[in-house]
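Novice: Below: sequence and its predicted model.
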Amino acid sequence: MHSFRISSEYINDGFQAVQAKPEDTEDVMSLLVETAEWLQSQGSSQWNALLKGEDSHDTAGAIRRGDVFVFKKGADVAGMVILLVQPSPWDIHLWGSKAHAEDGAIYLHRLAIRRKYAQSGLGRSILQWSSSGIHFEGKHTVRLDCGASNATLNSFYARNGYTFLGETDGYSTYEKPVELLS
């Protein structure tokens with residue numbers, strides 16, 4: 001487990017930010033599959049492997065390691081995000097020599113919103129919370145990536161203060177400084 005402090009426990013309209021527990025695994029996986037189905041209905045192949053039962057992020061393992069944060073409305077898991085303090089092999093591939101354990105970065109993956117909470121601003125709030133509502137010791141940057149051809153997602157990250165740094169193998173890379181505690 002890594003040292004972190006949640007400074008904003010509630011975001012948006014009363015969604016509670018908590019570290020996922022093993023008992024949240026089923027809800028988190030159903031949220032990811034629901035999101036993959038929605039993406040497919042929109043003509044995207046993003047996250048299609050989840051529909052075949054393949055999880056490249058080992059979400060259950062990520063929950064056990066403490067890397068998954070959920071946003072709950074009562075008992076309902078409304079959204080989630082994976083925040084890695086150590087870059088994954090994928091991050092190392094995309095970020096190259098910038099990605100190493102002491103690089104001061106958090107790597108954001110699998111931001112997902114349950115469809116019934118879509119259009120509520122929850123996605124934007126989770127993205128903002130990831131750089132200002134949680135603080136990891138020694139970390140000062142949030143990094144993320146998305147498909148370079150996904151104009152909607154690229155625009156979403158840019159509108160929310162993430163700086164486009166380039167493209168590698170068809171993926172756009174973005175980063176944003178962490179808002180430091182005063």
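Specialist: Received, thanks.
Novice: show me where pLDDT drops low in this structure?
Specialist: 1, 181-182 (pLDDT under 70).
Novice: which residues in it form helices?
Specialist: Under the criterion DSSP state H, helices of the chain are mapped to 25-41, 59-65, 89-95, 122-132, 151-159.
Novice: and for the last one, what are the contacting residues?
Specialist: Okay, so that is helix 151-159. 123-124, 127, 144, 146-148, 164, 172, 174 (Cβ atoms under 8 Å, 6 or more residues apart in numbering). (Glycine included, C-beta is placed from N, CA and C.)
Novice: Comparing the helices of the chain, which comes out most buried?
Specialist: Of the helices of the chain, the one with the most neighbours on average (mean count of other Cβ atoms under 10 Å) is helix 122-132, at a mean of 21.
Novice: How far off centre is that one?
Specialist: 9 Å (Cα atoms, centre = their mean, to the nearest Å).
Novice: Check which helices and strands it is in contact with.
Specialist: Under the contact criterion of 3 or more Cβ pairs under 8 Å, 6 or more residues apart in numbering; DSSP states H and E, helix 122-132 touches strand 10-11, strand 15-19, strand 68-73, strand 76-84, strand 105-113, helix 151-159.
Novice: quick one: which of the contacts of helix 151-159 is nearest Gly43?
Specialist: Nearest to Gly43 among these: Gly147, at 12.5 Å, using Cβ to Cβ.
Novice: can you tell me which residues contact Gln128?
Specialist: Gln128 is in contact with 11, 160, counting by Cβ under 8 Å, 6+ apart.
Novice: Next one: it from Pro22, what distance?
Specialist: Distance from Gln128 to Pro22, counting by Cβ to Cβ, to the nearest Å: 27 Å.
Novice: quick one, what contacts Trp38?
Specialist: By Cβ under 8 Å, 6+ apart, the contact set of Trp38 is Arg115.
Novice: And for the residue lying closest to Ser88 once chain neighbours are set aside, the neighbour number?
Specialist: Of all residues not flanking Ser88 in the chain, Tyr107 sits nearest, at 6.6 Å (Cβ to Cβ, 6 or more residues apart in numbering). For Tyr107, the neighbour count with other Cβ atoms under 10 Å is 25.
Novice: Hmm, Phe136 and Tyr107 touching each other?
Specialist: No - with contacts counted by Cβ atoms under 8 Å, Tyr107 stays clear of Phe136, the gap being 11.0 Å.
Novice: Quick check: neighbours shared by the two?
Specialist: Joint contacts of Tyr107 and Phe136 (Cβ under 8 Å, 6+ apart) are Leu83.
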